[in-house]
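1. Whatever this is, show me its structure:
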Amino acid sequence: MASEKRNVKISEGEMELLQLLWRLGPSLLSVVHQNYGRPIGYTTIQTRLNRMVDKGVVTKSDDYPALYSATAKAEDASARYFDLIRHLCGDNIAPLVSHLAKGRRLRPDEIAMLKQFISEHENGGPNHE
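-> Below is the predicted model:
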């Protein structure tokens, strides 16, 4: 099932809704609408959520009012974008990391994660024994 979700095209607006559902957990349409973060029509949210149900990345309960829940995981939803970025970078991630960090300071937790990543790969990769 995860591989099916990985290949589903998710629009920017749908990605925002998925992120919201990941943060909120199973939610009523009205709660999703209230927490969207910028003005958008109630029926627009409803239409997007129902399309996402059709795509299999969100479920809708049979209750009234219905609860919407994300079934796709973050890695399923973002994999398509990461695959594209990886292809565009020619598998060289250094320029990508540099571009993402440009114009802002890296947080200490980000620096620690990058150091851990580098250390793991200097020692043969994260799965090296």
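
2. How much space separates the residue nearest to the spatial centre of the chain from His87?
-> The chain has Ala74 as the residue nearest its centroid, 4.0 Å off, counting by CA atoms, centre = their mean. Distance, Ala74 to His87, by CB to CB, to the nearest Å: 20 Å. No exception for glycine: its C-beta is placed from N, CA and C like everyone else's.

3. Not counting sequence-adjacent ones, nearest residue to the residue nearest to the centre of the chain?
-> Trp22 (6.6 Å; CB to CB, 6 or more residues apart in numbering).

4. Can you report how many residues lie near that neighbour?
-> Using other CB atoms under 10 Å, Trp22 has 14 other residues around it.

5. What of Gly124?
-> Around Gly124 there are 9 residues (other CB under 10 Å).

6. residues in contact with Val32?
-> Taking CB atoms under 8 Å, 6 or more residues apart in numbering, we find Val32 in contact with 17, 20-21, 24, 45, 49, 68.

7. Which helix or strand contains it?
-> Using DSSP states H and E, Val32 sits within helix 29-34.

8. I'd guessed the residue nearest to Ala74 sits against Asp76; true?
-> No - counting by CB atoms under 8 Å, Asp76 is not a contact partner of Trp22; they are 11.3 Å apart.

9. one step back: list buried members of the contacts of Val32 by neighbour count.
-> Buried members of these, counted by 16 or more other CB atoms under 10 Å: 17, 20-21, 45, 49, 68.

10. following the lowest-mean-pLDDT helix or strand in the chain, which helix or strand comes up?
-> Ranking every helix and strand in the chain by mean pLDDT, DSSP states H and E puts helix 2-6 at the bottom, with a mean of 48. Sequence order places helix 12-24 as the next helix or strand after helix 2-6, per DSSP H and E.
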